[in-house]
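Colleague: compute the structure for the input listed below.
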Amino acid sequence: ARTEPSPFKKGGIALTGATGYVGRATVNAAICRGYGVGALGRHPLHLPGVGFQRYDLKDEGKLSVAPGCVAIMHLAADTQAGSRTDIGNEVRAATRIVRAAHEQGLPLVFVSSQAASPKAATDYGRSKWLVEQVILQASGCVVRPGLVYGGEHRGLFGQLCALVQNSPLL
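Modeller: Next up is the predicted model:
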C-alpha cells in the first residue's frame with residue numbers, strides 16, 4: 001500500500017480525547033509545533049490541521065490510524081458516569097490502542113491522572129492506574145499531569161473556578 005506524505009512538516013499525531021479540556025490544548029500545541037492532528041473521537045473538531053476519524057472507547061475491532069502519523073496520544077476517558085467508570089471498557093480501549101500503535105510501529109503516550117492508583121477511592125482512579133499498566137507493559141509513556149488550569153473554565157479547573165466564584169468567604 002502506498003503511503004501519502006503528510007502535509008505537515010513533522011507528520012501527524014493521532015489523538016483520542018481531542019475535544020476534551022486537555023485534548024483541545026494538546027491539539028493547539030501540536031499544530032503550533034508543526035504537527036497535524038488526527039482526532040479520534042465521537043465528534044469532529046472543526047479546526048485547520050485537524051482530521052477526524054470516528055472512534056469511541058466502546059468500539060471493538062481494529063483501530064486504524066491515518067497514514068503520516070508519527071505517534072498516538074491517548075487522552076480519552078469516559079467521564080459521563082462520574083466516578084463510576086466502566087473499568088473493563090477503559091482497559092479494553094487501551095489494549096486496542098496499544099495494538100494499533102504496535103502494528104504501525106508508533107510511539108504511544110497515555111495522559112493519565114493524579115488520581116491513578118490501584119487503591120484509588122473511585123473507579124476513575126483505578127481505571128487510570130490499570131490503563132497505565134497496559135501502556136507501560138507495551139513500552140508506552142505515561143504522563144500524569146497535575147492540576148491543569150487556564151483557558152476555558154472546564155474540567156477540574158472549571159469546578160474550582162465555580163467554587164471560588166460562589167464562595168461567600170471570598
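Colleague: distance of the residue positioned nearest the centre of the chain from Gln165?
Modeller: Centroid-nearest residue in the chain: Leu75, 1.2 Å away (criterion: CA atoms, centre = their mean). As judged by CB to CB, to the nearest Å, Leu75 and Gln165 stand 27 Å apart. All C-beta atoms are positioned from the backbone trio N, CA, C, and that covers glycine.
Colleague: now the longest helix anywhere in the chain, how far from the centre of its chain.
Modeller: Longest helix in the chain, counting residues (DSSP state H): helix 87-104. Relative to its chain's centre, helix 87-104 lies at 12 Å (CA atoms, centre = their mean, to the nearest Å).
Colleague: for stretch 80-95, same thing?
Modeller: Using CA atoms, centre = their mean, the offset of stretch 80-95 from its chain centre is 13 Å.
Colleague: with just CA atoms, put that stretch into CSV.
Modeller: What follows is stretch 80-95, C-alpha atoms only, in CSV (Å, rounded to 0.1, in the frame of the first residue of the first chain):
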residue,chain,number,x,y,z
GLN,A,80,-20.1,10.6,31.7
ALA,A,81,-20.6,8.3,34.7
GLY,A,82,-18.6,10.5,37.1
SER,A,83,-16.5,8.4,39.4
ARG,A,84,-18.3,5.2,38.4
THR,A,85,-16.2,4.5,35.3
ASP,A,86,-16.5,1.2,33.4
ILE,A,87,-13.0,-0.1,34.2
GLY,A,88,-13.2,-3.1,31.8
ASN,A,89,-14.2,-0.8,28.9
GLU,A,90,-11.3,1.6,29.6
VAL,A,91,-8.8,-1.3,29.7
ARG,A,92,-10.2,-2.8,26.5
ALA,A,93,-9.9,0.5,24.8
ALA,A,94,-6.3,1.0,25.9
THR,A,95,-5.5,-2.5,24.7
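Colleague: I am finished for the moment; much appreciated.
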